[in-house]
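>>> for reference, the sequence and a predicted model appear below.
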Amino acid sequence: MDISSLFTPCALSSVIISVLSASPVLANSGQTIEETVVNVTRIKKQTFEMPYSVGVVDSESLNHKLARTLPEALKILPGVMVQKTANGHGSPFIRGFTGYRTLALIDGIRYNNSVYRDGPNEYFGLIDFNTVSRIELLGGPSSAAYGSDAIGGALNIQTARSNYSDKTQNENYWNASQSYRYASAENSHLSRTTLSVGEGGQWGALLGFSYKNFGDVEAANLGKLPTTGYDEKSWDARLDSQLSDHWALTLVHQQLMQDDVWRTHSTIYSKSFAGSDVGSDQRRLKDQKRRFSYVRLTGSDLNDWLDKAAFTVSQQRWDEDGERVRSSGASIQDFFDSEMTGAELQLNSHWQSVQFTYGFDFYRDQVDTGRVDFNFDGSVKAVRIQGPVGDDARYDQWGVYLQADIPVNEQWALSAGTRFSGTRAEVGRFESPETGLPDSYDNRWNALVSSLRVSFQPACETDWNLWAGLSQSFRAPNIADISRFGGSRSNETEVAATNLDPEYFLTGEIGAKARWDNLAFTATAYYTDIRDFITSTPTGRIVDGMTEVSKQNSSSGFIEGVELTADWQLGGGFTASGNITWLRGELDVYPVAGSTIQVTEPMSRIMPMTANLALSWDSQDKTAWARMDLIHAEKADRLNTADKDDLQRIPPGGTPSYTVVDVMAGYQLNKNTDITLGINNLFDEAYRSHGSGSNEPGRGLKFGVRLSL
C-alpha cells in the first residue's frame with residue numbers, strides 16, 4: 001500500500017467525515033455551511049470556487065459586533081491588523097501592507113487618493129459603517145484588475161441598497177428605522193436614522209443620517225485617556241431605478257465630517273504604556289470632511305455575447321485642516337483639499353464556457369494645499385510654499401484590463417488577467433529641499449502586470465478546491481511620496497523626493513479549501529518578492545529637533561505568511577469559527593543618513609502572530625443569539641530602526657502581547673424591536689494594537705437598540 005495515498009484530499013475527507021459522523025450531536029446537527037458570493041474580483045463568484053483568499057464581513061456581523069468604526073469591524077478577518085494612530089483613525093494592515101499599499105473600493109470605485117501617505121493613515125475611518133451592507137476582502141495582489149496600490153489586498157465596501165426589487169411588484173412602500181448604540185468604556189453615543197421609500201420592482205430610495213459622540217476612552221490600568229474624544233456627523237442617500245427589463249440606474253451620495261480628532265500620542269496629554277514616551281506637543285488635531293457621489297448605469301442580458309455592462313461616473317472630495325502647537329508655543333496650521341473624478345466602463349461577456357471581464361477606468365485627483373507657521377505669541381512666522389503635500393497638484397491614473405475565467409474540464413480551471421496602467425503626476429508648487437524655493441514637477445509612468453491562477457477540484461464526495469497563483473503588482477509614486485512636507489512619524493519630518501519610480505511586487509500563493517455539510521476550512525500560504533520599495537531615508541539634517549527624511553526607491557525584500565480559517569457547525573444552533581495569521585517580512589534598508597551599506601531589517605509594524613476565535617449561538621427561530629469572541633496577539637518585537645525610535649507609539653522592546661474577550665447577545669422583542677447587550681474586554685486587558693498611538697478601551701458595557709417601522 002502506498003502510504004502517500006492516505007494524504008490525498010479524498011482520503012483526508014473520508015477520515016474527517018468518519019470522525020464527524022461518530023458524534024451523534026454533529027452527525028444530526030441539521031446545520032450546513034452557507035456559501036457566500038462576492039464580487040471583489042470584478043466577477044461574481046462563490047468564495048469556494050475562487051483561487052484567492054477571500055474574507056467577508058456581512059451586515060449581520062456588523063450589527064452583532066456593535067462596531068465603533070469601519071476599520072475596527074475588519075480586525076476579525078485573517079491577515080488583517082488594524083492600527084490606530086488616534087482614536088478617530090484606523091488603518092488596516094493587510095498581509096503586512098497598509099496605507100497606499102492596500103486598495104479600498106466603495107461599490108467597486110477607487111477610494112484611495114493621491115494624498116495617501118506611507119504607513120498608517122486615517123482615511124479608512126472616514127467611511128460611516130452604517131452605510132455599509134458588507135465588506136469583501138481579497139487578500140493579496142489584485143493590480144491586474146485594479147491597477148496601482150492593490151498589493152496587500154483589496155477591500156470592496158458595498159453600500160446598503162434600497163432593495164426595491166425584493167418588494168411586491170408595483171406596490172408603494174416605506175420603511176423607517178432608528179438605532180442607538182452606547183459603550184461605557186468608549187464614553188460613546190451613536191445614533192442612526194434611516195428612511196426607505198419606493199415602488200416595488202420599479203424604484204427605491206434610501207436616506208440616512210448618523211451622529212456619533214465619542215468621549216474620552218477609559219483604558220484598563222491607565223484610566224481616562226484625555227483628548228481621545230471627538231464628534232462625527234454624516235448623511236447619505238441612494239436611489240435605485242429599474243429603467244427597463246435590461247437597464248438600471250443607481251445614484252449614491254455620502255457626506256461625513258469629523259471635528260477635533262486629536263493625535264494624542266504626540267501631545268503632553270498622552271499616557272505612557274509599557275514604557276512608551278509621552279509626547280511634547282501642546283496640541284495636535286485635525287478636522288476632516290469627505291464627500292462621495294457616483295452615478296452608475298447597469299445593463300444585464302443585453303445580447304448573445306454581452307452579459308453585463310456598467311458605466312460609472314464618480315466624484316470624491318476630501319478636506320483636511322490640521323493644527324499643531326509645539327512645546328515652545330510655536331504652531332502650524334495646514335490644509336489640503338483633494339477632489340477626485342472618475343469614469344469606468346466594465347463589460348462581462350462569455351464565449352462557450354469562458355467568462356470574460358474587460359474595460360477601462362480613469363481617475364483624476366486635483367489637490368490644493370497651504371500652510372502657515374506662527375510664532376509662540378501668535379504672530380505669523382511664515383506663509384509656506386505648500387501644505388502637507390505640494391500645492392496645485394494633479395494626479396491622473398488610467399488603465400485597460402482583461403480577465404478570463406476558463407474551465408478546462410470538470411476538475412481544472414484557469415483564471416488569468418492582465419492590465420496596462422498609466423500614471424501622470426504634476427505638482428505646481430512644492431518647496432525644494434535643496435534651495436527652499438518653489439519648484440514644480442511633472443512625470444509619467446506605465447506598468448503592465450498580469451496574474452495567472454489555477455484551481456483543481458478532485459472528484460470525491462467532499463468538495464475540495466486546491467489552487468495556486470502567481471501575480472504581479474505595482475504602485476506608482478503618488479503626490480504624497482513626491483512632495484510630502486511636514487510631520488511623518490512621531491520623531492520625523494519629511495521633505496520632497498523627485499527621483500522616484502514605481503514599486504514592483506511578485507507574489508506566489510498556494511491554497512486549499514474544503515467543505516463538508518457542517519465544516520469548512522481554508523489554508524493559504526504566500527510569498528511576495530519586493531523590488532524598488534519606496535522607503536523614508538534620513539537626509540542627515542535635524543529640523544526643529546526632528547529627523548528629516550525623504551523617500552527613495554532604496555529597498556528590496558519579501559513578505560511571507562500563512563493564513564488558516566475554519567467554521568464548524570456544532571449543532572444545537574452553535575457554531576465555532578476562527579482564524580490564525582502568521583507572517584514575516586524583511587527589507588534591505590539604509591538605516592541612517594550617509595549609510596553606504598544596506599542592512600536587513602524587519603518591515604515596519606509587522607503584524608505579530610494573531611488568532612481570532614469565536615463561539616456563537618442562534619435560536620432556531622432566529623429571534624435570539626449570543627456570541628463570544630477571543631483575539632490573541634503575540635508580542636510584536638520584530639522591530640526595525642524606525643520602529644525602535646517611534647517610542648511614543650511602540651514601547652521599548654515592542655508592543656506587549658494581549659488576549660481580549662468580548663461577549664455579546666441579542667434578542668428580537670418583536671418584529672419592530674431588536675436589542676443587543678454585551679461586555680467589551682471582559683477581563684479588562686490593558687492593550688493596544690501594534691503601532692497604535694493610544695490604548696484600547698478597558699472593560700465596559702455595550703448596548704444597542706433598533707426600532708423599525
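Here it is on my side, so go on.
>>> ok, the residue most central in space within the chain to T102 distance?
What sits nearest the mean C-alpha location of the chain, by CA atoms, centre = their mean, is P92, with 4.7 Å. Separation of P92 from T102 (CB to CB, to the nearest Å) stands at 7 Å. The C-beta positions use only the backbone N, C-alpha and C, and glycine is treated the same way.
>>> can you list residues touching both of the two?
Common neighbours of P92 and T102 (criterion: CB atoms under 8 Å, 6 or more residues apart in numbering): L155.
>>> partner residues bridging the residue nearest to the centre of the chain?
Under DSSP bridges, the beta-bridge partners of P92 are V82.
>>> on the three-state scheme, A642 is what?
Look at A642: counting by DSSP: H, G, I helix; E, B strand; the rest coil, its state is helix.
>>> what about it, how many residues close to it?
Neighbour count of A642, defined by other CB atoms under 10 Å: 24.
>>> my read: it touches S536, true?
Yes: A642 is within contact range of S536, at 7.4 Å (criterion: CB atoms under 8 Å).
>>> distance of W398 from W445?
Applying CB to CB to W398 and W445 gives a distance of 12 Å.
>>> same thing with A145?
Distance from A145 to W445, by CB to CB: 19 Å.
>>> now do T69
Going from T69 to W445 by CB to CB gives 34 Å.
>>> my read is that D260 contacts L285, right?
Yes: counting by CB under 8 Å, L285 is a contact partner of D260 at 5.3 Å.
>>> which neighbours do W398 and W445 have in common?
Shared contacts of W398 and W445, defined by CB under 8 Å, 6+ apart, are found at G422.
>>> and the contacts of stretch 290-305?
For stretch 290-305, contacts defined as CB under 8 Å, 6+ apart pick out 106-107, 109, 126-127, 246-257, 306-319, 349-351.
>>> please save the CA atoms from that stretch in PDB.
The C-alpha coordinates for stretch 290-305 follow below in PDB (Å, rounded to 0.1, in the frame of the first residue of the first chain):
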ATOM      1  CA  ARG A 290     -15.400  63.700   3.000                       C
ATOM      2  CA  ARG A 291     -17.900  63.800   0.100                       C
ATOM      3  CA  PHE A 292     -18.600  60.900  -2.300                       C
ATOM      4  CA  SER A 293     -21.000  60.600  -5.200                       C
ATOM      5  CA  TYR A 294     -21.500  58.400  -8.100                       C
ATOM      6  CA  VAL A 295     -23.900  57.600 -10.900                       C
ATOM      7  CA  ARG A 296     -24.000  54.100 -12.400                       C
ATOM      8  CA  LEU A 297     -25.900  52.700 -15.400                       C
ATOM      9  CA  THR A 298     -26.000  48.900 -15.400                       C
ATOM     10  CA  GLY A 299     -27.300  46.600 -18.100                       C
ATOM     11  CA  SER A 300     -27.800  42.900 -18.000                       C
ATOM     12  CA  ASP A 301     -28.600  40.100 -20.500                       C
ATOM     13  CA  LEU A 302     -28.000  42.600 -23.300                       C
ATOM     14  CA  ASN A 303     -27.400  40.200 -26.200                       C
ATOM     15  CA  ASP A 304     -25.900  36.800 -27.100                       C
ATOM     16  CA  TRP A 305     -22.300  37.800 -26.300                       C
END
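>>> chain center to stretch 647-666, what's the gap?
19 Å (CA atoms, centre = their mean, to the nearest Å).
>>> about what we covered before: ok, D260 and L285, which is more surrounded?
Ranked by neighbour count (other CB under 10 Å), D260 and L285 place L285 first, with 21 against 13.
>>> show me the contacts for the more buried one.
T227, D260, V261, W262, R263, G322, E323 are the contacts of L285 under CB under 8 Å, 6+ apart.
>>> now the third one: how far from E186?
Distance of V261 to E186, given as CB to CB: 14 Å.
>>> you'd agree V663 is up against L630?
No: the criterion here is CB under 8 Å, and V663 misses it with L630 at 9.9 Å.
>>> give me the below-cutoff pLDDT ranges for the protein.
For the chain, the stretches flagged by pLDDT under 70 are 1-38, 461-462, 487-491, 593-595.
>>> how about the helices in it?
Using DSSP state H, the helices of the chain run over 9-22, 24-27, 59-65, 70-73, 143-146, 479-483, 641-645.
>>> how far off centre is the fifth one?
Read it as helix 143-146. Counting by CA atoms, centre = their mean, helix 143-146 is centred 17 Å from the centre of its parent chain.
>>> kindly report the same for the third one.
Centroid separation between helix 59-65 and its chain, computed with CA atoms, centre = their mean, is 17 Å.
>>> which outside residues touch stretch 444-454?
Under CB under 8 Å, 6+ apart, the answer for stretch 444-454 is 51-52, 141-145, 148, 412-425, 467-474, 476-477, 501-502, 504.
>>> all strands of the stretch 101-250 of the chain, in order?
103-106, 109-110, 132-139, 153-159, 172-183, 188-199, 203-214, 218-219, 223-224, 230-242, 247-262 (DSSP state E, counting those that start in this stretch).
>>> remind me what the longest one packs against, helices and strands.
Going back to what we said before, that points to strand 247-262. strand 230-242, strand 283-300 (3 or more CB pairs under 8 Å, 6 or more residues apart in numbering; DSSP states H and E).
>>> the second one too?
The elements that strand 109-110 packs onto, with contact taken as 3+ CB pairs under 8 Å, 6+ apart, are strand 331-351.
>>> quick check: buried residues in the strand it packs on?
Residues 331-332, 334-340, 342, 344, 346-349 are the ones in strand 331-351 that count as buried (16 or more other CB atoms under 10 Å).
>>> show the backbone phi and psi for the nearest residue to S133 once chain neighbours are set aside.
Computed as CB to CB, 6 or more residues apart in numbering, the closest residue to S133 that is not its neighbour in sequence is A160, at 4.5 Å. Here is the backbone geometry of A160 (degrees, to the nearest 10): phi -60, psi 140.
>>> so what's D532 up against?
D532 makes contact with D501, P502, E503, Y504, N553, S556 under the criterion CB under 8 Å, 6+ apart.
>>> any of these buried? List them.
For these, a burial check counting by 16+ other CB under 10 Å picks out P502, E503, Y504, N553, S556.
>>> among the residues you listed, which are located in strands?
E503, Y504, N553, S556 (DSSP state E).
>>> and these, which is closest to D588?
Within these, distances to D588 taken as CB to CB reach their minimum at S556, with 5.5 Å.
>>> if that closest one is in a bridge, with which residues?
With DSSP bridges as the criterion, S556 is bridged to D588.
>>> what of F335?
D321, G370.
>>> so who does it touch?
D319, E320, D321, G322, T369, G370, R371, G387.
>>> quick one: it from K286, how far?
10 Å.
>>> give me the common contacts of the two.
E320, D321, G322.
>>> could I get those residues as TSV with distance to W174?
Supplementary listing: the shared contacts of F335 and K286 in TSV, determined by distance: CB to CB, whole Å:
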residue	distance to W174
E320	38
D321	39
G322	43
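>>> for C460, state which of those is nearest.
Among these, E320 lies closest to C460 (CB to CB), at 55.4 Å.
>>> residues contacting the closest one?
Counting by CB under 8 Å, 6+ apart, E320 makes contact with K286, D287, Q288, K289, F335, F336, D337, P388.
>>> if I pick the last one, what's in contact with it?
It refers to P388. Each residue near P388 by CB under 8 Å, 6+ apart is listed here: V115, E320, G322, D334, F336, T369, R371, A480, R484, F485, G486.
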